[in-house]
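Enquirer: quick one: sequence and predicted model below, then my questions.
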Amino acid sequence: MNDTVQHLMTPDGSIRAVTIDARETVSQILKAQEPGELSEALGELLMGATLVRSTMAPDHRLQMTLKYPGFSIYADALPHGKARGWVAARENSLSKPQFQVARVLESGQVHEGTIEAEASISETLTTYMMSSEQTTSTVGVSCSIVDGEVIWARGFMVQLLPNPSAQALEAVTLALENLQPDWPELDDTFLGLAILGDSFRLLSNEELSFGCTCSASSVERAMVAAGKHEVDDMLTAGEPIEVVCEFCRTKYVVSPADLKRIAQTF
């Protein structure tokens, strides 16, 4: 069964919502990452990145980072329904958890927003949408993992469009206030009804899957970016260089002959 991202709207067009079912995508990412006790947080951040990209930058890449003093969680939402993520154990000089988002604007410029992380990823995403994107939104993401199996990975975002009708606003506000704790177990139709009230229009249904952009050529570009001094040191060592993608764990081996060719580009 394919994962889905659905776009919904109230009949009068004043409130829109996006729902996501990412169980298989999260499962594939966890197989590559094995993040242990951070598995659910990684799944929730991944869904958050996909929801924000789908609404704010559908044709562009969007990255989210959740930093704590002892580790960082990364989510990368790509165009065409692909997503990836990873967890890094690293020391961050932070007194409080930090949440960062980087996305490409229609102009091609990169928009970056940073806020202090809230108690939950859902609360953090809702605060970010209000403060950095200037969009009144409610976000919910929930991931349940038992003995390494993803039981559910569900999320939604509800956004107010300009000048919503009083009737639609009242209905959606009431629906969100009465949203039951078991909402992640609802199918797409019932989740749509639960967050938008008695009726809604289905605008689109997109597939979502785990995907990575790494390649042998991207590894070579990274070595060029590291600089001539670094490449010369690798050449002097005379040994093949093994590079492992942080997202999918694919291994790439750069031979001394490849290093010599790369060095000639400087």
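Expert: Great, that's in hand. Predicted model only: the values in this text are computed from it and were never measured.
Enquirer: shaky segments in the chain?
Expert: By pLDDT under 70, the low-scoring segments of the chain are 1.
Enquirer: please enumerate the strands of it.
Expert: Ranges of strands in the chain, per DSSP state E, are 3-9, 15-21, 62-68, 71-78, 82-88, 98-104, 110-116, 137-146, 149-160, 201-210, 241-244, 251-254.
Enquirer: need those in a markdown table with mean neighbour count and distance to Ser131, can you?
Expert: All C-beta spots, glycine's among them, are computed from the backbone N, C-alpha and C. Formatted as a markdown table, the strands of the chain follow (neighbours: other C-beta atoms under 10 Å; distance: least, C-beta to C-beta, whole Å):
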| stretch | mean neighbour count | distance to Ser131 |
| --- | --- | --- |
| strand 3-9 | 20 | 24 |
| strand 15-21 | 24 | 20 |
| strand 62-68 | 21 | 15 |
| strand 71-78 | 22 | 19 |
| strand 82-88 | 22 | 23 |
| strand 98-104 | 19 | 11 |
| strand 110-116 | 13 | 6 |
| strand 137-146 | 21 | 11 |
| strand 149-160 | 21 | 15 |
| strand 201-210 | 15 | 27 |
| strand 241-244 | 14 | 36 |
| strand 251-254 | 14 | 40 |
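Enquirer: who's in contact with Ala57?
Expert: Ala57 makes contacts with 103-105, as judged by C-beta atoms under 8 Å, 6 or more residues apart in numbering.
Enquirer: now the strands of the chain as JSON lines including distance to Phe266?
Expert: Formatted as JSON lines, those follow (distance: least, C-beta to C-beta, whole Å):
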{"stretch": "strand 3-9", "distance to Phe266": "43"}
{"stretch": "strand 15-21", "distance to Phe266": "45"}
{"stretch": "strand 62-68", "distance to Phe266": "29"}
{"stretch": "strand 71-78", "distance to Phe266": "29"}
{"stretch": "strand 82-88", "distance to Phe266": "30"}
{"stretch": "strand 98-104", "distance to Phe266": "29"}
{"stretch": "strand 110-116", "distance to Phe266": "27"}
{"stretch": "strand 137-146", "distance to Phe266": "45"}
{"stretch": "strand 149-160", "distance to Phe266": "45"}
{"stretch": "strand 201-210", "distance to Phe266": "36"}
{"stretch": "strand 241-244", "distance to Phe266": "17"}
{"stretch": "strand 251-254", "distance to Phe266": "16"}
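Enquirer: how is the protein partitioned into domains?
Expert: Domain assignment for the chain, taken from automatic domain parsing, gives 3-210, 216-263.
Enquirer: so which of the contacts of Ala57 is the closest to Glu37?
Expert: Arg103 (28.5 Å; C-beta to C-beta).
Enquirer: relative to Met56, how far out is the closest one?
Expert: Arg103 is 6 Å from Met56, where distance means C-beta to C-beta, to the nearest Å.
Enquirer: one more: Ala225?
Expert: Ala225 is 28 Å from Met56, by C-beta to C-beta.
Enquirer: what's the answer for Leu208, then?
Expert: Distance of Leu208 to Met56, computed by C-beta to C-beta: 16 Å.
Enquirer: cool, thanks, signing off.
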